[in-house]
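Engineer: requesting a structural model of the entry that follows:
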Amino acid sequence: MTRLTVIAGPTAVGKGTVVRYLLEHNPEILLSVSVTTRQPRVGEIDGVHYFFVSNEQFDQMITNNELLEYAVVHQSNRYGTPRKPVEEALKADKQIILEIDIQGARQVKDSMPEANLIFIAPPSLEELKRRLIGRGTESAEEIAIRLDTAEVEMASQSLFDHVVINEEVAQCAAEVLDLMKTS
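Structural biologist: Residues are numbered from 1 along each chain as shown. All right, here's what the predicted structure looks like:
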């Protein structure tokens with residue numbers, strides 16, 4: 001079993017929902033908590049959903065080589081993966097998932113070629129748009145930016161080891177788990 005799995009895909013595809021399902025049903029799997037410069041959404045808890053930091057703190061993390069990967073996402077906010085928790089999990093022979101964007105997935109594959117990259121795809125772009133609008137968390141302008149980004153991200157599927165279509169969460173999670181076990 002590959003111990004490091006990267007889950008990526010376009011906005012609103014359900015990556016977080018699939019990962020939460022995996023973690024609920026497989027408590028031995030760890031999740032890397034990302035760091036971000038964006039503001040918390042309603043209900044998000046610092047250190048649980050993300051580590052929320054200022055741009056200055058993010059810059060310092062880059063300077064100190066504390067991030068395994070980092071990127072600007074949706075033309076506005078920065079996200080990254082703290083290096084130390086991932087390295088500690090791998091050293092302890094634990095299975096860990098990184099739920100990150102396409103740019104970050106490329107960086108992880110470059111620095112850790114053994115990582116198993118899984119792209120979560122929507123059944124269609126129309127369904128992706130429906131899901132994004134249905135979340136009700138972004139303005140019309142943000143939705144347009146995210147949909148433009150999603151089209152670019154969809155073209156990146158070939159960079160991944162596997163592609164799984166998220167039509168139904170439990171089925172998608174089962175396919176991801178099978179790929180984690182056999183890769």
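
Engineer: can you show me the helices along this structure?
Structural biologist: Listed in chain order, the helices of the chain (DSSP state H) span 15-25, 55-63, 83-91, 102-111, 125-135, 140-154, 169-182.

Engineer: for residue 37, give me its contacts.
Structural biologist: 52, 53, 54, 55, 58, 77, 78, 79 (CB atoms under 8 Å, 6 or more residues apart in numbering). For every residue, glycine as well, the C-beta is placed using N, CA and C.

Engineer: phi and psi next, for the third one.
Structural biologist: To tie it back to what came earlier, the one meant is residue 54. phi -80, psi 170 (degrees, to the nearest 10).

Engineer: any chance you could list what contacts the helix or strand bottoming out on mean pLDDT in the chain?
Structural biologist: One helix or strand of the chain scores below all others by mean pLDDT, DSSP states H and E: helix 125-135, with a mean of 85. Applying CB under 8 Å, 6+ apart, the set of residues contacting helix 125-135 from outside is 10-14, 122, 138, 143, 146-147, 150-151, 154.

Engineer: flag every buried residue along that helix.
Structural biologist: 128, 129, 131, 132 (16 or more other CB atoms under 10 Å).

Engineer: just the CA atoms of it, as CSV, please.
Structural biologist: Provided in CSV are the C-alpha atoms of helix 125-135 (Å, rounded to 0.1, in the frame of the first residue of the first chain):
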residue,chain,number,x,y,z
LEU,A,125,-18.9,20.1,-16.4
GLU,A,126,-22.6,20.9,-16.1
GLU,A,127,-22.9,18.8,-12.9
LEU,A,128,-19.8,20.5,-11.6
LYS,A,129,-21.4,23.9,-12.2
ARG,A,130,-24.6,22.8,-10.5
ARG,A,131,-22.6,21.6,-7.4
LEU,A,132,-20.6,24.8,-7.2
ILE,A,133,-23.7,27.1,-7.4
GLY,A,134,-25.5,24.8,-5.0
ARG,A,135,-22.8,25.3,-2.3
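
Engineer: relative to the whole chain's centre, how far out is that helix?
Structural biologist: 18 Å (CA atoms, centre = their mean, to the nearest Å).
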